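# here is the input, now give the coordinates:
(one chain, ligands or ions: 1)
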Amino acid sequence: MEKYNFKVIEKKWQDHWEKNKSFKTEIDKKKKKFYCLEMFPYPSGKIHMGHVRNYTIGDVLARYKNLNGFNVLHPMGWDSFGMPAENAAKQNNLDPKVWTETNVQTMKSQLKQLGISIDWDREISTCSPEYYKHQQKLFLELFDKGLVYRKENYVNWDPVDETVLANEQVIDGKGWRSGALVERKKLNQWFFNIKKFSDELLDELDKLDEWPNKVKIMQKNWIGRSFGCEIDFDIEGNSEVDKIKCFTTRPDTLFGFSFLAVSVDHPISKYYKKNKEFSDFRDKCSKTGTTEESIAQADKIGFKTDLYAIHPLDKNIKVPVYFANFVLMDYGFGAVFGCPAHDQRDLDFALKYNLNIKTVVKPINEEDTFNVSNKAFTDAGIIFNSKIFDGLKAPSESVIKAIQILEDKKIGKKKINFRLKDWGISRQRYWGCPIPIAYDENNNIVKVPLTELPIKLPENINLQTSGNPLDHQNDWKKINIDGKNCTLETDTLDTFVDSSWYFLRFASANNSDVPFDKDEVNYWLPVDQYIGGIEHAILHLLYSRFFFESYQFPKK
Ligand code: ANZ
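Residues are numbered from 1 along each chain as shown. This is a model prediction of the structure:
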């Protein structure tokens, strides 16, 4: 077999590239542009075949377009913050910066050896202060617009990586990197208010003509717009709780109501704080993560309260109120009315706790003797056993009609809900972009002034500590803002923030004044060909749309 001397090939290629560099990446309005982008890699060590496959596709397209007279932008960068660097450095007593930069050099030289047609003059690396100083500025701009906020919240806690995970980073109830079973924990966190754009993010999907349908469907489901109504249930049993509000998409099944279930974090839980059995139950629930997926997969368990909910259309019907692990606090109102015959989760719960199962929807042409036993009937059908709703086509007529009736009686109100949650961006880790926020002596939030940016990560620090290493950096944490002694935020940003705008940065990669220049962005964007894995369809591709939607380009 012929032996290849890669060093010689690399040299030859570089000479060739220098002489024939024809990928002009300056703006040239006489030519049609082609922006070809592969998702930038995490510098994990060496280039692997997955990278080669991806970059070869981009290379072929970039060359083809170039030969066809296009002005081609084909850049490369490094998604270089993140936990693997910190974990690898921790294990081998190394500096994450050194580990990362060594990997970048190796991978870059391998890509050069492969001869991929990349414009290395625009190389970016997210762990470089040159990149993240702009990100810190963007963060403050979003803060000023009210799109960033801090609140105490239940989070997905990865007990192995000792950090918080976004819902999108929990797969089958496990951390996407560590594989550890995710737990629920209450922490103060920073959030991007992505929910504010739920309607836009959903509606504008229709305009993304060239996006693969699969990606659009995944995003649509993730944003999850649900049409339904909120219903107030009167409560008996505790003089301090008089009503519980539920969100439902099926008010037409109200006569199949046989229990009411609330989340363990529902406001009424405060009345059970001292109850030992309830605290044990709550602890048991916190062993499941906070994502819908992990909750859906967990066994349905409940804690029966001493409360009863009264049927809003028939005061003679009273049903028990439970705390249940399958009810999410951050969806709707953290409470559901259980209708076992027509919802499988409710049916599983009812079978376990021996609750009434009343069938109120039957298949078309079925007798009134139709009865659900161990499989919920969720198809279209006809309402029966339901007094005023009887005979309506379900759900096409019956949902609207039921909402109308409930609205007329002032028991309920039409309501649209979204599955999408605000994006938790705090990570309790060292190797990430510092959040440009400090706290004064009274723990008030203070913005770090632009003149102090970038807030650089401290170097050569001890990573062999528990929790977040930055918490132990007492000198680094001190900052004086307007004469006040303040303490820097020690959470760092989720690395998905870094990758939410890198495709814009490539348009102005060497501009140290602004993250991206309006004219350059207007010329190069949108990306004409984006190459990457479907696993990024929701996370990265949704977050970057949020960034784009929320950011107004600087006026020149
Ligand atoms: C009663 C009912 C009867 C429901 C029935 C469904 C079928 P989507 O479509 O995903 O929006 N729900 C409401 N809030 C909840 C929460 N915080 N945690 C868990 N489940 C919750 O789902 C809406 C349905 O999810 C709602 O409609 C409610 O159950 C449940 F035959 O209400 B339904």
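
# hmm, residue 76 is touching residue 121, no?
No - judged on C-beta atoms under 8 Å, residue 76 makes no contact with residue 121 at a distance of 10.5 Å. Placement of C-beta: from N, CA and C, glycine included.

# ok, the closest residue to residue 58 other than its chain neighbours - contacts?
The shortest distance from residue 58 to any non-neighbouring residue, by C-beta to C-beta, 6 or more residues apart in numbering, is to residue 38 (4.6 Å). For residue 38, the contacting residues are 54-55, 57-58, 76, 530-532, by C-beta atoms under 8 Å, 6 or more residues apart in numbering.

# between these, which is closest to the ligand?
Ranked by distance to the ligand (C-beta to the nearest ligand atom), the contacts of residue 38 are led by residue 532 at 28.7 Å.

# that closest one against residue 40, yeah?
No - assessed by C-beta under 8 Å, residue 532 is found out of contact with residue 40, at 9.1 Å.

# between the two, point out the one with more neighbours.
Legend: neighbour count by other C-beta atoms under 10 Å for residue 532 and residue 40, higher for residue 40 (22 against 16).

# pick out the residue of the stretch 351-500 of the chain closest to the ligand.
For the stretch 351-500 of the chain, the residue closest to the ligand is residue 417, as judged by C-beta to the nearest ligand atom, at 5.6 Å.

# over to residue 244: give its phi and psi.
Main-chain dihedrals, residue 244, degrees, to the nearest 10: phi -130, psi 130.

# residue numbering should commence at 12 henceforth.
From this message on, residue numbering opens at 12, which makes the last subject residue 255.

# how far does stretch 394-408 stretch from one end to the other?
End-to-end span of stretch 394-408 (C-alpha to C-alpha, to the nearest Å): 10 Å.

# go on, stretch 203-210?
Length of stretch 203-210, first residue to last, C-alpha to C-alpha: 16 Å.

# so how far is that stretch from its chain's centroid?
Here stretch 203-210 is found 11 Å from its chain centre; the criterion is C-alpha atoms, centre = their mean, to the nearest Å.

# for it, give me every contacting residue.
Here stretch 203-210 makes contact (C-beta under 8 Å, 6+ apart) with 153, 157-160, 212, 234, 236, 429, 431-434, 436, 553-554, 557, 560-561.

# write a ChimeraX command that selects only the buried members of those.
Here is the ChimeraX command that selects the buried residues among those (16 or more other C-beta atoms under 10 Å):
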select :153,158,159,212,234,429,431,432,433,434,436,553,554,557,561
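
# circling back: now list the buried members of the contacts of residue 49.
By neighbour count, with 16+ other C-beta under 10 Å, the contacts of residue 49 hold 65-66, 69, 87, 541-543 as buried.

# hmm, residue 374 is touching residue 382, no?
No - the criterion here is C-beta under 8 Å, and residue 374 misses it with residue 382 at 11.8 Å.

# wait, is residue 167 part of a strand?
Yes - the assignment for residue 167, made by DSSP: H, G, I helix; E, B strand; the rest coil, places it in a strand.

# on that earlier part again, in strands, which of the contacts of residue 49 appear?
Of the contacts of residue 49, the ones assigned to strands by DSSP state E are 541-542.

# relative to residue 310, which of the contacts of residue 49 is nearest.
Closest approach to residue 310 among the contacts of residue 49 (C-beta to C-beta): residue 543, at 36.7 Å.

# nearest residue to the closest one in space, please, no chain neighbours.
Excluding its sequence neighbours, the residue lying closest to residue 543 (C-beta to C-beta, 6+ apart) is residue 50, at 3.3 Å.

# cool, and residue 403?
residue 409 is the one closest to residue 403 (C-beta to C-beta, 6+ apart), at 3.9 Å.

# per-residue pLDDT, the one you found?
In this model, residue 409 is scored at 98, pLDDT.

# so what's it up against?
Applying C-beta under 8 Å, 6+ apart, we find residue 409 in contact with 263, 394, 400, 403.

# please apply the same query to residue 554.
Residues near residue 554 by C-beta under 8 Å, 6+ apart: 205, 434, 507-508, 510-511.

# got the contact list for the residue nearest to the spatial centre of the chain?
The centroid of the chain falls nearest to residue 179 when counting by C-alpha atoms, centre = their mean (4.5 Å). Residue 179 makes contacts with 233, 549-550, as judged by C-beta under 8 Å, 6+ apart.

# can I have the buried ones of those as a PyMOL selection?
In PyMOL syntax, the buried subset of those is picked out as below (16+ other C-beta under 10 Å):
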select buried, resi 233+549+550
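
# surely residue 533 is in a helix?
Yes - according to three-state DSSP, residue 533 belongs to a helix.

# how close does the residue nearest to residue 517 when sequence neighbours are not counted get to the ligand?
Using C-beta to C-beta, 6+ apart and skipping the chain neighbours, the partner closest in space to residue 517 is residue 86 (4.3 Å). Using C-beta to the nearest ligand atom, to the nearest Å, residue 86 is found at 40 Å from the ligand.

# next up, the contacts around residue 86.
Neighbours of residue 86 in contact, by C-beta under 8 Å, 6+ apart: 36, 48, 129-130, 133-135, 517, 520.

# returning to what we had before: tell me how many other residues surround the nearest residue to the residue of the stretch 362-511 of the chain closest to the ligand once chain neighbours are set aside.
Spatial nearest neighbour of residue 428, excluding adjacent residues (C-beta to C-beta, 6+ apart): residue 237 at 4.8 Å. Residue 237: 14 surrounding residues under other C-beta under 10 Å.

# my read is that residue 237 contacts residue 429, right?
Yes - if you go by C-beta under 8 Å, residue 237 and residue 429 touch, sitting 7.5 Å apart.

# now for the protein, the helix or strand with the poorest mean pLDDT.
helix 17-30 (a mean of 66; mean pLDDT, DSSP states H and E).

# dump the helix or strand following that helix to PDB, restricted to CA.
Scanning forward in sequence from helix 17-30 by DSSP states H and E, the next helix or strand is strand 44-49. Written as PDB, here are the backbone C-alpha positions of strand 44-49 (Å, rounded to 0.1, in the frame of the first residue of the first chain):
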ATOM      1  CA  LYS A  44     -23.000  35.400  -1.900                       C
ATOM      2  CA  PHE A  45     -23.000  31.900  -0.400                       C
ATOM      3  CA  TYR A  46     -22.700  31.400   3.300                       C
ATOM      4  CA  CYS A  47     -21.800  27.700   4.000                       C
ATOM      5  CA  LEU A  48     -21.600  26.800   7.700                       C
ATOM      6  CA  GLU A  49     -21.100  23.500   9.500                       C
END
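
# so what strands line up beside strand 44-49?
In the sheet, strand 44-49 lines up against strand 82-84 (parallel), strand 540-542 (parallel) (DSSP bridges).

# outside of the last one, which residues touch it?
In other words, strand 540-542. Counting by C-beta under 8 Å, 6+ apart, 45-50, 65, 68-69, 72, 514 sit against strand 540-542.

# make it 10 Å
45-50, 64-69, 72-73, 76, 85, 221-222, 514, 547, 552 (C-beta atoms under 10 Å, 6 or more residues apart in numbering).
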